[in-house]
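*Asks:* structure for the following, please:
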Amino acid sequence: MSKRERIKMKRTTFDKIVTFVGFGLGVFLLIAAGLLNWGATFASGTVASQLEAQQITIPDSNGDPDADAATVAFFKENGKSVMSTGKQAQMYADHYIGFHLSKMPTYSAATGLARAAAGAAATDPTNADLKAALDRANATVESVFKGESLRGMLLNAYAFGTLGMIAAIAAKVTFVGAIVMFLFVFAGLRHIRRTPEDATI
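*Replies:* Got it, this is the predicted structure:
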(Lines give C-alpha, C1' and ligand atoms only; values in the text may rest on other atoms or scores of the structure.)
Protein backbone atom coordinates (compact mmCIF):
# COMPACT_ATOMS: atom_id res chain seq x y z
CA MET A 1 0.00 0.00 0.00
CA SER A 2 1.44 3.38 -1.02
CA LYS A 3 1.71 6.35 1.33
CA ARG A 4 -0.94 8.20 -0.68
CA GLU A 5 -3.39 5.34 -0.20
CA ARG A 6 -2.68 5.15 3.56
CA ILE A 7 -3.56 8.81 4.20
CA LYS A 8 -6.88 8.78 2.36
CA MET A 9 -9.84 10.02 4.40
CA LYS A 10 -13.52 9.54 3.77
CA ARG A 11 -15.03 12.65 2.23
CA THR A 12 -17.97 12.52 4.64
CA THR A 13 -15.59 12.40 7.63
CA PHE A 14 -13.72 15.45 6.35
CA ASP A 15 -16.97 17.31 5.67
CA LYS A 16 -18.26 16.52 9.16
CA ILE A 17 -15.08 17.86 10.76
CA VAL A 18 -15.20 21.08 8.70
CA THR A 19 -18.91 21.48 9.41
CA PHE A 20 -18.40 20.95 13.13
CA VAL A 21 -15.60 23.54 13.21
CA GLY A 22 -17.79 25.96 11.25
CA PHE A 23 -20.64 25.41 13.70
CA GLY A 24 -18.30 26.12 16.61
CA LEU A 25 -17.09 29.33 14.96
CA GLY A 26 -20.68 30.35 14.29
CA VAL A 27 -21.62 29.85 17.95
CA PHE A 28 -18.51 31.76 19.03
CA LEU A 29 -19.35 34.69 16.72
CA LEU A 30 -22.95 34.69 17.92
CA ILE A 31 -21.84 34.89 21.56
CA ALA A 32 -19.32 37.60 20.69
CA ALA A 33 -22.03 39.58 18.92
CA GLY A 34 -24.25 39.34 21.99
CA LEU A 35 -21.49 40.51 24.31
CA LEU A 36 -20.53 43.39 22.01
CA ASN A 37 -24.18 44.44 21.76
CA TRP A 38 -24.48 44.31 25.55
CA GLY A 39 -21.36 46.47 25.86
CA ALA A 40 -22.67 48.96 23.32
CA THR A 41 -26.05 49.19 25.06
CA PHE A 42 -24.40 49.60 28.45
CA ALA A 43 -22.04 52.32 27.19
CA SER A 44 -24.69 54.36 25.41
CA GLY A 45 -27.16 53.96 28.27
CA THR A 46 -24.61 54.94 30.91
CA VAL A 47 -23.44 57.97 28.95
CA ALA A 48 -27.01 59.14 28.40
CA SER A 49 -28.10 58.66 32.02
CA GLN A 50 -24.98 60.31 33.46
CA LEU A 51 -25.16 63.30 31.12
CA GLU A 52 -28.91 63.79 31.53
CA ALA A 53 -28.46 63.78 35.32
CA GLN A 54 -26.23 66.86 34.98
CA GLN A 55 -29.03 68.78 33.23
CA ILE A 56 -26.58 70.70 31.00
CA THR A 57 -28.57 72.72 28.48
CA ILE A 58 -26.79 73.26 25.19
CA PRO A 59 -26.88 76.91 24.04
CA ASP A 60 -27.95 77.71 20.48
CA SER A 61 -24.58 79.39 19.86
CA ASN A 62 -21.10 78.79 21.21
CA GLY A 63 -20.34 82.51 21.16
CA ASP A 64 -17.47 82.21 18.68
CA PRO A 65 -17.93 84.61 15.73
CA ASP A 66 -15.27 82.66 13.81
CA ALA A 67 -16.84 79.23 14.32
CA ASP A 68 -17.07 77.05 11.21
CA ALA A 69 -20.37 76.20 9.53
CA ALA A 70 -20.55 72.69 11.03
CA THR A 71 -20.14 74.05 14.58
CA VAL A 72 -22.71 76.80 14.02
CA ALA A 73 -25.16 74.25 12.60
CA PHE A 74 -24.63 71.86 15.52
CA PHE A 75 -25.41 74.45 18.18
CA LYS A 76 -28.37 75.74 16.22
CA GLU A 77 -29.83 72.22 15.86
CA ASN A 78 -29.12 71.16 19.46
CA GLY A 79 -29.72 74.48 21.16
CA LYS A 80 -31.95 74.45 24.27
CA SER A 81 -31.80 70.64 24.49
CA VAL A 82 -30.41 68.76 27.49
CA MET A 83 -27.09 67.06 26.77
CA SER A 84 -27.48 63.28 26.45
CA THR A 85 -25.00 61.95 23.88
CA GLY A 86 -21.24 61.63 23.64
CA LYS A 87 -21.18 63.75 20.48
CA GLN A 88 -23.05 66.57 22.23
CA ALA A 89 -20.59 66.33 25.13
CA GLN A 90 -17.62 66.58 22.76
CA MET A 91 -19.00 69.58 20.86
CA TYR A 92 -19.93 71.40 24.06
CA ALA A 93 -16.53 70.64 25.61
CA ASP A 94 -14.43 71.59 22.60
CA HIS A 95 -16.43 74.40 21.04
CA TYR A 96 -18.22 76.04 23.98
CA ILE A 97 -16.11 75.48 27.08
CA GLY A 98 -12.94 75.30 24.99
CA PHE A 99 -13.72 78.57 23.23
CA HIS A 100 -14.36 80.45 26.47
CA LEU A 101 -11.31 78.93 28.16
CA SER A 102 -9.18 80.08 25.22
CA LYS A 103 -9.94 83.66 26.28
CA MET A 104 -8.62 82.99 29.77
CA PRO A 105 -5.14 82.15 31.10
CA THR A 106 -4.19 78.53 31.56
CA TYR A 107 -4.64 77.01 35.00
CA SER A 108 -0.89 77.21 35.58
CA ALA A 109 -0.76 80.88 34.59
CA ALA A 110 -3.91 81.69 36.60
CA THR A 111 -2.51 80.14 39.77
CA GLY A 112 0.75 82.04 39.24
CA LEU A 113 -1.16 85.31 38.97
CA ALA A 114 -3.20 84.41 42.05
CA ARG A 115 -0.04 83.73 44.08
CA ALA A 116 1.42 87.04 42.95
CA ALA A 117 -1.80 88.84 43.89
CA ALA A 118 -1.82 87.10 47.28
CA GLY A 119 1.76 88.21 47.89
CA ALA A 120 0.95 91.79 46.97
CA ALA A 121 -2.15 91.82 49.18
CA ALA A 122 -0.14 90.43 52.10
CA THR A 123 2.20 93.41 51.98
CA ASP A 124 -0.69 95.81 52.49
CA PRO A 125 -3.77 94.00 53.94
CA THR A 126 -5.79 97.23 54.15
CA ASN A 127 -5.40 98.11 50.48
CA ALA A 128 -8.83 97.63 48.88
CA ASP A 129 -7.45 97.59 45.33
CA LEU A 130 -4.98 94.80 46.13
CA LYS A 131 -7.73 92.79 47.85
CA ALA A 132 -10.03 93.26 44.84
CA ALA A 133 -7.22 92.13 42.52
CA LEU A 134 -6.70 89.05 44.69
CA ASP A 135 -10.41 88.25 44.60
CA ARG A 136 -10.43 88.56 40.79
CA ALA A 137 -7.35 86.35 40.50
CA ASN A 138 -8.88 83.69 42.77
CA ALA A 139 -12.15 83.83 40.81
CA THR A 140 -10.20 83.28 37.58
CA VAL A 141 -8.41 80.27 39.08
CA GLU A 142 -11.74 78.80 40.17
CA SER A 143 -13.36 79.40 36.77
CA VAL A 144 -10.46 77.88 34.85
CA PHE A 145 -10.29 74.90 37.20
CA LYS A 146 -14.02 74.22 36.93
CA GLY A 147 -13.99 74.73 33.18
CA GLU A 148 -11.05 72.41 32.58
CA SER A 149 -12.47 69.78 34.95
CA LEU A 150 -15.89 69.81 33.29
CA ARG A 151 -14.32 69.75 29.84
CA GLY A 152 -12.21 66.72 30.79
CA MET A 153 -15.20 64.85 32.21
CA LEU A 154 -17.32 65.57 29.14
CA LEU A 155 -14.56 64.37 26.82
CA ASN A 156 -14.33 61.17 28.89
CA ALA A 157 -18.06 60.69 28.31
CA TYR A 158 -17.47 61.27 24.60
CA ALA A 159 -14.69 58.67 24.54
CA PHE A 160 -16.85 56.14 26.40
CA GLY A 161 -19.76 56.82 24.06
CA THR A 162 -17.50 56.40 21.02
CA LEU A 163 -16.30 53.04 22.31
CA GLY A 164 -19.94 52.03 22.69
CA MET A 165 -20.65 53.08 19.10
CA ILE A 166 -17.68 51.06 17.86
CA ALA A 167 -18.90 48.07 19.89
CA ALA A 168 -22.35 48.41 18.29
CA ILE A 169 -20.82 48.35 14.79
CA ALA A 170 -18.63 45.39 15.73
CA ALA A 171 -21.68 43.57 17.11
CA LYS A 172 -23.53 43.95 13.79
CA VAL A 173 -20.52 42.81 11.77
CA THR A 174 -19.95 39.84 14.07
CA PHE A 175 -23.63 38.87 13.93
CA VAL A 176 -23.53 38.94 10.13
CA GLY A 177 -20.39 36.78 10.29
CA ALA A 178 -22.22 34.29 12.51
CA ILE A 179 -25.15 34.12 10.07
CA VAL A 180 -22.78 33.54 7.15
CA MET A 181 -21.00 30.81 9.10
CA PHE A 182 -24.30 29.05 9.89
CA LEU A 183 -25.23 29.22 6.21
CA PHE A 184 -21.95 27.46 5.42
CA VAL A 185 -22.77 24.86 8.08
CA PHE A 186 -26.19 24.29 6.53
CA ALA A 187 -24.59 23.93 3.11
CA GLY A 188 -22.05 21.51 4.61
CA LEU A 189 -24.80 19.34 6.09
CA ARG A 190 -26.58 19.20 2.73
CA HIS A 191 -23.32 18.25 1.06
CA ILE A 192 -22.68 15.45 3.59
CA ARG A 193 -26.09 13.89 2.83
CA ARG A 194 -25.38 13.92 -0.91
CA THR A 195 -21.82 12.59 -0.67
CA PRO A 196 -21.37 8.83 -1.26
CA GLU A 197 -20.11 6.97 1.79
CA ASP A 198 -17.18 5.49 -0.09
CA ALA A 199 -15.94 8.83 -1.46
CA THR A 200 -12.45 9.77 -0.28
CA ILE A 201 -10.13 12.78 -0.47
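
*Asks:* residue ranges with poor pLDDT in this structure?
*Replies:* Filtered on pLDDT under 70, the chain yields the residue ranges 1-9, 201.

*Asks:* which residue, other than its chain neighbours, is closest to the residue nearest to the spatial centre of it?
*Replies:* With distances taken as Cα atoms, centre = their mean, residue 162 lies nearest the centre of the chain, 1.9 Å away. Among residues not flanking residue 162 along the chain, residue 86 sits closest, at 5.9 Å (Cβ to Cβ, 6 or more residues apart in numbering). (Glycine included, C-beta is placed from N, CA and C.)

*Asks:* surely that neighbour touches residue 157?
*Replies:* Yes: contact criterion Cβ atoms under 8 Å: residue 86 and residue 157 qualify, at 5.7 Å.

*Asks:* for the residue nearest to residue 162, give its distance to residue 106.
*Replies:* Using Cβ to Cβ, to the nearest Å, residue 86 is found at 26 Å from residue 106.

*Asks:* who touches both of residue 86 and residue 157?
*Replies:* Residues within reach of residue 86 and of residue 157 at once, by Cβ atoms under 8 Å, 6 or more residues apart in numbering, are residue 47.

*Asks:* returning to that earlier point: so which of residue 86 and residue 106 has more stuff around it?
*Replies:* Shown here are residue 86 and residue 106; by other Cβ atoms under 10 Å, residue 86 has more neighbours (25 against 12).

*Asks:* give the contact list for residue 56.
*Replies:* 82, 83, 92.

*Asks:* can you give me the strands in the chain?
*Replies:* Using DSSP state E, no strands are found in the chain.

*Asks:* which one of the contacts of residue 56 is nearest to residue 50?
*Replies:* Among the contacts of residue 56, residue 83 lies closest to residue 50 (Cβ to Cβ), at 10.1 Å.

*Asks:* for residue 143, see how far away that closest one is.
*Replies:* In terms of Cβ to Cβ, residue 83 sits 20 Å off from residue 143.

*Asks:* okay, the two: which has more neighbours?
*Replies:* Shown here are residue 83 and residue 143; by other Cβ under 10 Å, residue 83 has more neighbours (23 against 14).

*Asks:* longest helix of this protein?
*Replies:* Across the chain, the helix with the greatest residue count (assigned by DSSP state H) is helix 128-194.
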